[in-house]
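Student: What follows is a predicted structure for the sequence shown.
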Amino acid sequence: MFLFSESALPTNAQQPSSSSSSTPDTPAREAQAKPAPRIAQPEAGGSAITLETSEPLFYVAVALNVCGYDADLAASSPVRRKIREEINGEVAASAAARTSRDALCKYMREHTLTDGSLNLAQYISLALYVSPPPELTPIVDETELPPDSTQVVNILPLLRTFAEDVHLNAIWVEHRPEYEALTARVHDPLTKMVLNTNIYLKLPVSSYDGRRFLVLLEPMLAPSATNARIYSSDYIVVASPAADPPGAVHMDDIRHIYLHYEIEPLVYARAQAMERLQPLLKAVQDAPLEFTYKTEIVPLITECLIKAIETQTMDVGLARPERPGPTVKARADLERYDAEVSTYDRQAEAVRRKAVDLAMRQGWVLVDYFYAQIGTMEREGISLKENIGQMVYGMDVDRERHKDQQIVFLPQGSHDVLRRATTQLTGLQLAELKIFKGDLAGASDIANKVLADPSGDHPQAHYVLARVNLMQRQPGAAIGDFQEVLDSSKDPRTLAWSHIYLGRLYDIMPDRPKALVEYQAALVVRDAQPDTKAAAEQGIKTPFVAPKVEHETHDDSDNAPLDPSGKAEKDAYRPPPPH
């Protein structure tokens with residue numbers, strides 16, 4: 001269902017697909033030959049913002065329910081129980097259906113993860129890249145699937161057999177009217193949320209420019225769990241409507257991802273200017289944040305800005321006084337109204353300030369700064385697009401860093417519907433942290449131990465060593481390790497940054513033609529984060545120049561460069577699936 005109809009770009013305007021390995025001599029045009037796979041392929045005349053259902057997602061959700069997924073069953077839309085009962089009837093009436101069900105459930109038991117949300121997310125990630133029934137096959141090569149989904153991709157043959165045995169397509173067709181009715185219920189609140197958000201930020205509703213915000217409804221999943229992820233230029237939210245009130249979804253969670261969709265391009269467009277904010281990362285090393293937010297300034301900035309906007313617009317739980325009608329002219333009534341508004345404003349601000357303080361103690365150290373900036377923006381009636389430059393360039397970094405150092409962080413942070421990375425650092429993630437802190441020898445030791453283990457993650461270990469070599473100014477060794485990464489890694493983010501690093505190395509040599517090939521190859525890799533795209537496009541536009549490095553130790557200088565190669569993003573980013 002289109003929320004806002006816009007003209008779609010031509011097919012060749014979409015991003016190209018991923019490449020698992022490219023050498024510096026590979027022509028860029030070969031890397032761009034294949035169009036990028038897209039979730040729920042956009043149609044001509046389609047919209048940048050859509051609300052849809054998905055038959056492959058339905059099939060996967062049914063399989064989960066058949067095999068013991070009962071989360072929030074009592075709170076789910078009635079159609080979930082109806083479908084479960086119909087499938088139970090089909091299974092009871094058919095020996096073949098029972099056999100295929102048992103095989104399906106045996107596979108799921110063998111691939112169960114201890115974290116229930118991650119266990120669910122791996123199947124949702126798979127469903128988003130599966131062709132419609134009856135084929136139910138991946139629409140991309142296995143190397144291009146989301147990393148978590150590759151763990152369960154072999155369930156598809158079992159799912160096809162089960163679906164045929166229980167006549168699942170007929171059940172889907174039978175209940176389509178109920179799905180459409182639920183979609184219709186969600187459509188108006190979702191549209192209102194989008195419009196109100198854009199009005200507040202004074203941004204136009206996005207036209208279709210290759211980026212999409214997609215909400216998928218699936219009543220067979222638990223209403224309490226909103227599942228969100230960002231794949232390349234697709235921002236996807238999977239939500240399930242509740243029974244009471246009918247069709248209700250967690251609109252706050254959906255809005256959070258929509259804010260990412262609107263704000264990330266504005267922030268990443270200024271990623272280079274944010275290098276000056278790098279010292280702020282040192283203040284969050286003890287914060288209960290996920291690894292990415294401790295080592296990359298742009299994601300931290302983005303999340304803090306979003307949380308500041310959410311706090312400024314939160315429901316404070318108080319009734320705002322009603323203005324007297326036009327016929328009321330008594331001075332006492334108007335004065336009473338003004339006094340009530342003043343009291344409301346003070347009480348509302350107190351509630352919001354408590355939310356700001358909580359966010360700061362959870363590690364979102366710039367929420368206070370952005371909260372004040374958003375308030376000024378609102379009072380002056382200017383748009384976020386107009387004001388975001390001033391927010392970045394006008395920040396007093398030393399003042400904010402000093403303030404952040406006074407924060408006493410909570411033991412645990414907040415839950416984010418869009419999860420980026422794990423918080424427990426072991427192995428190569430610990431090596432990444434050692435790089436960030438300047439312990440290059442410690443990082444090298446961990447990486448070499450991984451390489452010595454036949455079952456270790458060799459591509460990521462080479463990636464660590466390549467960046468250590470960069471920081472130790474050994475470009476030849478770095479190039480060798482980056483080539484090892486390109487020859488063996490299947491992780492899109494690692495591949496993309498390896499290409500970018502190689503491009504920067506070739507620019508410094510200088511060998512501009514080889515550098516351009518690497519930057520183009522980085523754009524081809526289907527990484528889920530916008531920073532790689534921004535870095536690669538910057539490399540294509542302007543040759544990289546290595547910054548001058550002051551000879552300071554990391555221990556006694558808060559302003560020491562985090563990476564002498566000029567790359568501040570310390571991304572051991574092997575993401576667990578967002579949820």
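Tutor: Great, that's in hand. Numbers count the residues shown, from 1 in each chain.

Student: Pull the contacting residues for Ile508.
Tutor: For Ile508, the contacting residues are 475, 544-546, by CB atoms under 8 Å, 6 or more residues apart in numbering. (C-beta placed from N, C-alpha, C; glycine too.)

Student: among those residues, who's most crowded?
Tutor: Sorting these by how many neighbours each has (other CB atoms under 10 Å) puts Phe544 first, at 22 neighbours.

Student: any idea how far that residue is from Leu502?
Tutor: Phe544 is 11 Å from Leu502, where distance means CB to CB, to the nearest Å.

Student: Next, show the common contact partners of the two.
Tutor: Joint contacts of Phe544 and Leu502 (CB under 8 Å, 6+ apart) are Ala515.

Student: Which SSE is immediately downstream of the helix or strand containing Val62?
Tutor: Assigned by DSSP states H and E, Val62 falls within helix 55-66. Note on helix 55-66: by DSSP H and E, the next helix or strand toward the C-terminus is helix 78-93.

Student: List the contacts of that next one.
Tutor: 62, 65-66, 73, 97-98, 101, 165-168, 171, 174-175, 178-179, 182, 219-220, 243.

Student: The chain: strands as residue ranges?
Tutor: 49-52, 212-217, 227-231, 234-239 (DSSP state E).

Student: Compare those strands and report which one is nearest to Thr143.
Tutor: strand 227-231 (14.6 Å; CB to CB).

Student: Next, the angle strand 234-239 makes with that closest one.
Tutor: Comparing the axes of strand 227-231 and strand 234-239 via axes from the mean of the first three to the mean of the last three CA atoms, to 10 degrees yields an angle of 170 degrees.

Student: on that earlier part again, for Ser149, find the nearest of the strands of the chain.
Tutor: strand 227-231 (10.6 Å).

Student: Which elements pack onto the closest one?
Tutor: If you count contacts as 3 or more CB pairs under 8 Å, 6 or more residues apart in numbering; DSSP states H and E, strand 227-231 packs onto helix 116-127, strand 234-239, helix 251-268.

Student: make it 10 Å
Tutor: Here strand 227-231 touches helix 116-127, strand 212-217, strand 234-239, helix 251-268, going by 3 or more CB pairs under 10 Å, 6 or more residues apart in numbering; DSSP states H and E.

Student: Could I get those in a markdown table, plus columns for mean neighbour count, mean pLDDT and distance to Ser47?
Tutor: Output for those, formatted as a markdown table (neighbours: other CB atoms under 10 Å; pLDDT from 0 to 100; distance: least, CB to CB, whole Å):
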| stretch | mean neighbour count | mean pLDDT | distance to Ser47 |
| --- | --- | --- | --- |
| helix 116-127 | 22 | 91 | 22 |
| strand 212-217 | 24 | 93 | 8 |
| strand 234-239 | 23 | 92 | 13 |
| helix 251-268 | 20 | 92 | 13 |
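
Student: Chain neighbours aside, what residue packs nearest to Gly317?
Tutor: Val351 (6.9 Å; CB to CB, 6 or more residues apart in numbering).

Student: Give the rounded mean pLDDT of stretch 169-182.
Tutor: Averaging pLDDT along stretch 169-182 yields 96.

Student: quick one: buried residues of that stretch?
Tutor: 169, 171-172, 175, 179, 182 (16 or more other CB atoms under 10 Å).

Student: quick one on the thing from earlier: could I get the strands of the chain in a markdown table, plus columns for distance to Gly375?
Tutor: Below are the strands of the chain laid out as a markdown table (distance: least, CB to CB, whole Å):
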| stretch | distance to Gly375 |
| --- | --- |
| strand 49-52 | 27 |
| strand 212-217 | 26 |
| strand 227-231 | 27 |
| strand 234-239 | 27 |
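
Student: Please name whichever of the helices and strands packed on strand 227-231 is nearest to Cys105.
Tutor: helix 116-127 (13.0 Å).
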